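Enquirer: output the structure for:
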Amino acid sequence: MKKAIFLLCCGIAILCSTSANAQSATTLRSQRDSLEALYKFVLDKYDSLAVTNMELSKKLEQRGSEITNLKHEIDNMLKKKKEYVAELEKSRKIITDLAATVDKLETEVKRLSNKKTDQ
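Expert: As a prediction, this is how the structure comes out:
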């Protein structure tokens with residue numbers, strides 16, 4: 001993004017530094033081409049960010065589904081009147097998996113938050 005802003009500033013500086021009367025058609029065409037290239041660069045970056053955002057949204061939705069499924073499975077096991085050792089162990093493993101999934105999600109959110117503030 002800093003590169004795009006720098007290029008935009010350079011383009012504006014070029015436009016402002018020459019008087020309208022002194023600009024030739026070639027110079028104007030060159031400046032227009034530079035601005036068009038900058039515009040395409042910014043649009044490509046936006047498209048890339050939009051795709052990345054969609055991918056992250058899908059991952060978030062998948063993790064949310066995993067968490068919901070694990071919660072239902074744990075709830076069902078804990079509602080049973082008779083507890084069997086095997087089921088208690090399975091519940092313990094599922095709860096551990098759930099905690100790990102939540103930790104991964106938290107780590108990814110922090111990483112993305114830091115990446116966002118760095119830009």
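Enquirer: secondary structure class of the residue nearest to the spatial centre of the chain, three-state.
Expert: Relative to the mean C-alpha position of the chain, the nearest C-alpha, by Cα atoms, centre = their mean, is the one of N53, at 4.1 Å. With DSSP: H, G, I helix; E, B strand; the rest coil as the basis, N53 sits in helix.
Enquirer: where along the chain do the helices fall?
Expert: Secondary structure of the chain (DSSP state H): helices at 2-17, 25-79, 85-118.
Enquirer: from the contact counts, what lies against the second one?
Expert: Under the contact criterion of 3 or more Cβ pairs under 8 Å, 6 or more residues apart in numbering; DSSP states H and E, the helices and strands touching helix 25-79 comprise helix 2-17, helix 85-118. Glycine gets a C-beta too; all of them are placed from N, C-alpha and C.
Enquirer: surely I94 and K71 touch.
Expert: No - here I94 lies out of contact with K71, judged by Cβ atoms under 8 Å, at a distance of 9.3 Å.
Enquirer: ok, back up a step: as CSV, the helices of the chain with mean pLDDT would be great.
Expert: Formatted as CSV, the helices of the chain follow (pLDDT from 0 to 100):
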stretch, mean pLDDT
helix 2-17, 60
helix 25-79, 84
helix 85-118, 81
